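**Student:** one predicted model, sequence on top.
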Amino acid sequence: MLLFIPGYALVSVLWPEKRTNLNEDIDENLERFALSFGLSIAIVSIIGLALNFTSAGINLMTTVFANFGIIFLLSLFAFYRRQQLPVERRYNIDLTFKTARMPEDKTERVFIVAITVVLILSGIVLAYVLVTPGVEDKYTVMYILDHNGTAVDYVSDITINETAEVIVGFESHQFETTLYSFYTGIISLDGIDNYVYWNSWNQTDDLTNVSGGGQAIQLEHGESYERNFEFNIRTSGTYQIIWQLHTEGTDNYYEVRIRVNINAA
């Protein structure tokens with residue numbers, strides 16, 4: 001569909017008739033076969049480039065339909081051109097390949113050998129790709145939003161004991177059931193390192209004196225977890241509030257943070 005048929009359809013448009021003065025140095029079927037591979041790569045690349053500049057973009061459906069459309073149009077045009085020729089002049093695939101002799105010119109010999117090697121290597125690579133399962137990258141998306149669910153109006157200045165709210169969420173793309181440990185902490189930026197954790201999102205959290213372990217959350221592949229997080233701080237100063245998500249069994253962790261100024265009442 002991608003490596004042969006588009007190029008063969010274009011070859012059929014450009015050369016709908018068989019050669020009458022066939023050079024016996026190389027078989028016409030082999031020439032068309034090699035050109036079909038080369039032109040297919042060019043056609044598919046151009047289609048991909050064109051799709052990239054459309055609103056539909058490049059995905060499985062647009063790629064399939066675009067290539068099918070080009071193949072269909074080229075095939076119709078090739079059929080029309082062949083119909084304009086006498087039957088005896090129309091090219092048809094002759095599976096009884098004649099024994100071809102190598103040309104005397106050294107350059108042509110090198111060219112034929114190179115084409116043969118490229119075709120063999122292409123077949124080997126294609127077979128390897130088809131039988132080897134693809135390995136997807138495993139990752140987790142973690143994000144923080146403001147109280148409106150946007151990334152615009154994050155809390156930055158509040159007073160002592162004033163309640164603020166953000167939305168923290170994450171989505172698993174681990175291709176398996178994954179257990180996460182969710183931690184939240186606070187760091188004073190006024191010269192005092194005060195890193196504490198807690199694991200409750202069921203009420204407004206007082207970040208001044210709360211500590212505890214991480215919250216265990218288990219997600220399937222493609223599943224997401226999102227919660228509103230309300231907090232207050234009873235001591236004035238400048239703080240960084242940090243949310244960390246650790247993947248169980250690995251050293252991987254993800255982190256988002258905001259900076260908040262706590263002003264006296």
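**Tutor:** Received, thanks.
**Student:** show me the domain layout of this protein.
**Tutor:** Domain ranges of the chain: 5-101, 139-263, per automatic domain parsing.
**Student:** mean neighbour count and mean pLDDT added to these, as CSV?
**Tutor:** To be clear about C-beta, it is placed using only N, CA and C from the backbone, and glycine gets the same treatment. Formatted as CSV, the domains of the chain follow (neighbours: other CB atoms under 10 Å; pLDDT from 0 to 100):
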stretch, mean neighbour count, mean pLDDT
domain 5-101, 14, 82
domain 139-263, 15, 80
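**Student:** out of those, which is closest to Ser122?
**Tutor:** Counting by CB to CB, Ser122 lies closest to domain 5-101 out of those; the figure is 6.8 Å.
**Student:** what sits against the closest residue to Leu3 other than its chain neighbours?
**Tutor:** Closest residue to Leu3 apart from its sequence neighbours, by CB to CB, 6 or more residues apart in numbering: Ser40 at 5.3 Å. By CB atoms under 8 Å, 6 or more residues apart in numbering, the contact set of Ser40 is 2-8.
**Student:** out of the residues you listed, which is nearest to Glu171?
**Tutor:** After measuring the contacts of Ser40 against Glu171 - CB to CB - the closest member comes out as Leu2, at 31.6 Å.
**Student:** the closest one contacts Asn67, correct?
**Tutor:** Yes: using CB atoms under 8 Å, Leu2 is in contact with Asn67, at 6.7 Å.
**Student:** intersection of neighbour lists for the two?
**Tutor:** With CB under 8 Å, 6+ apart, Leu2 and Asn67 have common neighbours Val44.
**Student:** thinking again about what came up before, select from the contacts of Ser40 every entry located in helices.
**Tutor:** Secondary-structure check on those using DSSP state H: residues within helices are 5-8.
**Student:** got the residues you listed as a markdown table, with distance to Val260 columns?
**Tutor:** As requested, those are arranged in a markdown table below (distance: CB to CB, whole Å):
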| residue | distance to Val260 |
| --- | --- |
| Ile5 | 60 |
| Pro6 | 58 |
| Gly7 | 61 |
| Tyr8 | 64 |
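**Student:** and of these, the nearest to Gln240?
**Tutor:** The nearest member of the ones in helices among the contacts of Ser40 to Gln240, counting by CB to CB, is Pro6 at 55.2 Å.
**Student:** can you pull the contacts of the closest one?
**Tutor:** 39-40, 43-44, 67, 70-71, 74.
**Student:** can you rerun that using 10 Å?
**Tutor:** 36, 39-44, 46-47, 67-68, 70-71, 74-75 (CB atoms under 10 Å, 6 or more residues apart in numbering).
**Student:** what's the farthest-apart pair in those residues?
**Tutor:** Pairwise over the contacts of Pro6, using CB to CB, the maximum falls at Ile41 and Ser75, 18.7 Å.
**Student:** which helix or strand contains Asp137?
**Tutor:** Under the criterion DSSP states H and E, no helix or strand holds Asp137.
**Student:** now Phe33
**Tutor:** Applying DSSP H and E, one finds Phe33 within helix 28-52.
**Student:** list the helices and strands the next helix or strand after that helix packs on?
**Tutor:** Where DSSP H and E defines the elements, the next helix or strand beyond helix 28-52 is helix 60-83. Contacting helix 60-83 under the criterion 3 or more CB pairs under 10 Å, 6 or more residues apart in numbering; DSSP states H and E are the following elements: helix 5-14, helix 28-52.
**Student:** close enough to count as contact, Phe33 and Val118?
**Tutor:** No: if you go by CB atoms under 10 Å, Phe33 and Val118 don't touch, sitting 11.8 Å apart.
**Student:** and the helices in the stretch 151-265 of the chain?
**Tutor:** Counting by DSSP state H, counting those that start in this stretch, the stretch 151-265 of the chain forms no helices at all.
**Student:** which residue ranges of it form strands?
**Tutor:** Here the stretch 151-265 of the chain has its strands, by DSSP state E, counting those that start in this stretch, at 157-159, 164-173, 178-188, 205-206, 215-219, 224-232, 237-247, 253-263.
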